[in-house]
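>>> quick one, structure for this:
(one chain, ligands or ions: 1)
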Amino acid sequence: MDTLLAGTRMRRNRQTDWSRRLVRENALTVDDLIWPIFLVDGEGIRQPVPSMPDVVRLSVDEAVREAERAAKLNIPALALFPYTDPSLRDDTGSEALNANNLTCRALRAIKTEGFDIGLMTDVALDPYTSHGHDGLMDGETILNDETVDQLCRQALVQAEAGSDVIAPSDMMDGRIGAIRQSLDVQGFRGTQIMAYSAKYASAFYGPFRDAVGSSGTLKGDKRTYQMDPANTDEALREAELDITEGADMIMVKPGLPYLDIVRRLKDEFQVPTYAYQVSGEYAMIKAAAANGWLDGDKAMLESLLAFKRAGADGILTYFAPKVAGMLAERS
Ligand code: PBG
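Here you go, the predicted model:
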């Protein structure tokens with residue numbers, strides 16, 4: 001049958017802006033954004049991260065200022081990541097348990113201001129270990145259960161300092177259940193958990209490791225705990241375990257190269273599902289834009305919309321303040 005004669009013309013709905021808006025299936029809003037920020041010791045410091053143009057490490061006072069800006073832009077949440085001074089790193093990552101560490105000081109300082117914004121903190125040992133791994137080591141081996149014990153204590157220290165959402169990014173087995181239980185026992189029943197459920201051993205984390213200062217120190221790779229990029233069924237098993245163990249939200253990471261995983265998890269579980277547009281994805285767009293090879297703003301917006309189309313309920317993105325500003329101007 002001749003479809004044109006039968007009357008089907010897909011371009012009819014695309015003729016005008018109002019019509020394109022009318023048939024649009026997905027939209028990016030400020031409510032979809034979580035902004036990851038980097039912390040550094042000191043005062044009045046905004047230290048550029050060379051591999052992440054326009055991203056700076058912030059001292060606590062500057063982080064407070066940025067939190068206020070983010071709250072005014074209506075960004076729902078911040079995710080905090082510390083650059084730990086090398087002198088504070090050791091092979092067990094003991095600084096992670098210091099109730100006065102950089103992350104905890106930033107949590108308290110931002111919380112005191114009472115901004116309407118959620119604070120999320122990463123649970124993993126890599127910013128604090130001299131070997132750059134997320135867990136405790138015995139020779140070459142990353143110890144699972146011993147690490148989980150330490151992660152429970154790290155999560156507790158963060159919850160006590162005011163973290164609203166504990167986000168374990170370490171990929172140890174059983175950590176969500178253990179952390180949930182220890183938070184509950186200590187009276188933090190309301191503290192949410194966002195599990196990095198499907199976190200892949202990815203080359204796209206490079207600039208982040210520069211930002212937190214673990215790239216020079218990392219020995220080997222993380223393939224014995226982070227997932228193999230070849231796998232997708234395994235992501236379902238990881239997510240199912242995390243949900244069963246008490247995760248309130250799940251996450252896929254990296255983002256754009258793993259949109260198939262986002263879609264599968266959302267279809268399978270119907271729980272709040274997030275994607276992390278990681279440092280390497282950010283750096284690629286910024287680098288290409290800086291060379292004039294693509295339109296940076298358009299590529300940013302298209303990449304963020306793609307997460308929504310794939311089923312994500314929100315996106316962790318270094319573009320958050322920029323895109324929130326643009327969305328505010330449009331409305
Ligand atoms: C640490 C952690 C990493 C990221 C978030 N938490 C790096 C890693 O696992 O090596 C990466 C984020 C990014 O690249 O933007 N466990």
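
>>> residue numbers of this protein in contact with the ligand?
122, 124, 126, 134, 169-170, 205, 208-209, 278-279 (CB under 6 Å from any ligand atom). (Glycine included, C-beta is placed from N, CA and C.)

>>> need the helix or strand of the protein with the lowest average pLDDT.
helix 3-6 (a mean of 73; mean pLDDT, DSSP states H and E).

>>> let me know the helix or strand that residue 207 is in.
helix 206-211 (DSSP states H and E).

>>> and the helix or strand following that helix, what's buried?
Scanning forward in sequence from helix 206-211 by DSSP H and E, the next helix or strand is helix 233-245. By neighbour count with 16 or more other CB atoms under 10 Å, helix 233-245 contains the buried residues 235-236, 238-239, 241-243, 245.

>>> same list, these, but as a markdown table with pLDDT please.
Listed next are these as a markdown table, based on pLDDT from 0 to 100:
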| residue | pLDDT |
| --- | --- |
| 235 | 98 |
| 236 | 98 |
| 238 | 98 |
| 239 | 98 |
| 241 | 98 |
| 242 | 98 |
| 243 | 98 |
| 245 | 98 |
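
>>> circling back: in helices, which of the residues of the chain next to the ligand fall?
208-209, 279 (DSSP state H).

>>> Serialize those to TSV and add fields for pLDDT and neighbour count.
Formatted as TSV, these follow (pLDDT from 0 to 100; neighbours: other CB atoms under 10 Å):
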residue	pLDDT	neighbour count
208	95	25
209	91	19
279	98	24
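
>>> ok, for residue 312, nearest residue in space, not its chain neighbours?
Nearest non-adjacent residue to residue 312, counting by CB to CB, 6 or more residues apart in numbering: residue 275, 4.5 Å away.

>>> how about that neighbour, phi and psi?
phi -130, psi 140 (degrees, to the nearest 10).

>>> alpha carbons of the least confident helix or strand of the chain, as CSV, please.
In CSV, the C-alpha atoms belonging to helix 3-6 read as follows (Å, rounded to 0.1, in the frame of the first residue of the first chain):
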residue,chain,number,x,y,z
THR,A,3,1.4,5.1,2.7
LEU,A,4,1.5,8.6,1.3
LEU,A,5,-1.8,8.1,-0.5
ALA,A,6,-3.2,6.4,2.6
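
>>> can you name the element that comes right after that helix?
helix 17-23.

>>> contacts for that following helix?
13-14 (CB atoms under 8 Å, 6 or more residues apart in numbering).

>>> check which residues of it are buried.
In helix 17-23, counting by 16+ other CB under 10 Å, buried: nothing.

>>> then it to CSV, C-alphas only?
Extracted C-alpha coordinates of helix 17-23, given in CSV (Å, rounded to 0.1, in the frame of the first residue of the first chain):
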residue,chain,number,x,y,z
ASP,A,17,7.3,25.0,16.7
TRP,A,18,3.9,24.9,18.5
SER,A,19,3.1,21.5,17.0
ARG,A,20,6.5,20.1,17.8
ARG,A,21,6.0,21.2,21.4
LEU,A,22,2.5,19.7,21.4
VAL,A,23,3.7,16.2,20.3
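
>>> from residue 265, how far out is residue 232?
Look at residue 232 and residue 265: by CB to CB, to the nearest Å, they are 10 Å apart.

>>> between the two, tell me which one has more neighbours.
residue 265 (29 against 14; other CB atoms under 10 Å).

>>> helix or strand for the more buried one, which one?
Residue 265 belongs to helix 259-269, assigned by DSSP H and E.

>>> check residue 214 and give its pLDDT.
If you check residue 214, the pLDDT there is 84.

>>> got the phi/psi numbers for the residue lying closest to it once chain neighbours are set aside?
Excluding its sequence neighbours, the residue lying closest to residue 214 (CB to CB, 6+ apart) is residue 132, at 4.2 Å. Dihedral angles phi and psi of residue 132 (degrees, to the nearest 10) take the values phi 80, psi 0.

>>> swap in residue 154?
phi -60, psi -40.

>>> OK, contacts around it?
96-97, 123, 125 are the contacts of residue 154 under CB under 8 Å, 6+ apart.

>>> which among those residues end up buried?
So, by 16+ other CB under 10 Å, the buried ones in the contacts of residue 154 are 96, 123, 125.

>>> now, the residues you listed that are in strands?
residue 123 (DSSP state E).

>>> with pLDDT added, can I get the buried ones among the contacts of residue 154 in TSV?
Conversion of the buried ones among the contacts of residue 154 to TSV gives the following (pLDDT from 0 to 100):
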residue	pLDDT
96	98
123	98
125	97
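
>>> on the pLDDT front, check the residue nearest to residue 312 for me.
Confidence score, pLDDT, at residue 275: 98.

>>> ok, residue 1 next?
58.

>>> I figured residue 199 hits residue 255, correct?
No. Assessed by CB atoms under 8 Å, residue 199 is found out of contact with residue 255, at 11.4 Å.

>>> what's the angle from the helix holding residue 265 to helix 233-245?
Relative orientation of helix 259-269 versus helix 233-245 (axes from the mean of the first three to the mean of the last three CA atoms, to 10 degrees): 40 degrees.

>>> cool, thanks, signing off.
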